[in-house]
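> Please work out how this folds:
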Amino acid sequence: STQSTGAAIGSAGSIANALSRIAWGTVGDHVGYKITMGCLQFTFATLLIVMHFVQSKWGYAILVFCLFFCIGGSFSLLPTATVKQFGLTHSTANYGLVFTAGACGALANVLLLNVTRSAALAQSQIQLIVSGCMYIAFVATLFFQFKGCRSSDAQYSPLRNEQ
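Got it, this is the predicted structure:
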């Protein structure tokens, strides 16, 4: 049935989300934040565009799996970016603020979605708008310069077990 298919796709997406946190975090530790986050954002934006053209149930399932794989990556990369930008002092509180900003952004997206739906924009047009925003974030990530932390904090990596 359609409901069980949707549940299976959602469950697979949850597994992808969990696995992606490990995968993106490992890549980020070895390659660096900017390149890894840039790849994540570019991939997510491209997948949203591809979603417009997918018509099969299996294609949709694979696409959702890949999108969830990207979503989980930001949860493993943002703590590192927070420490690189603000340092280790108060890193937990700082990450809490960064995470809260993301939640506020999600709420703003819901409100924007309601406005755009009432403006009779099609789902595909909304996906293209969101994808465009992700490409802008990709470019912004590439040009972002971390500031305001000591050099010892900027080299922080959970793999090094620094305090």
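
> how about low-confidence regions in the chain?
By pLDDT under 70, the low-scoring segments of the chain are 116-123, 148-163.

> Can you show me the helices along it?
For the chain, the helices defined by DSSP state H cover 2-31, 33-51, 57-86, 91-118, 123-143, 151-154.

> so residue 75 touches residue 23, yeah?
No. The criterion here is CB atoms under 8 Å, and residue 75 misses it with residue 23 at 11.9 Å. Just so you know, the C-beta spots here come from the backbone N, C-alpha and C atoms, and that holds for glycine as well.

> any chance of the helices of the chain in JSON lines, plus mean neighbour count?
Below are the helices of the chain laid out as JSON lines (neighbours: other CB atoms under 10 Å):
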{"stretch": "helix 2-31", "mean neighbour count": "14"}
{"stretch": "helix 33-51", "mean neighbour count": "19"}
{"stretch": "helix 57-86", "mean neighbour count": "19"}
{"stretch": "helix 91-118", "mean neighbour count": "12"}
{"stretch": "helix 123-143", "mean neighbour count": "15"}
{"stretch": "helix 151-154", "mean neighbour count": "12"}
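
> roughly how far apart are residue 75 and residue 99?
Relative to residue 99, residue 75 is positioned 9 Å away (CB to CB, to the nearest Å).

> ditto for residue 64
Separation of residue 64 from residue 99 (CB to CB): 23 Å.

> One more: residue 26?
Relative to residue 99, residue 26 is positioned 21 Å away (CB to CB).

> Kindly report the same for residue 21.
Counting by CB to CB - residue 21 and residue 99 are separated by 14 Å.

> What of residue 133?
Remark: distance between residue 133 and residue 99 (CB to CB) = 19 Å.

> same question, residue 28
Noted for residue 28: a distance of 17 Å to residue 99, by CB to CB.

> do residue 146 as well
Distance of residue 146 to residue 99, given as CB to CB: 18 Å.

> likewise residue 130?
The gap separating residue 130 from residue 99 is 20 Å, by CB to CB.
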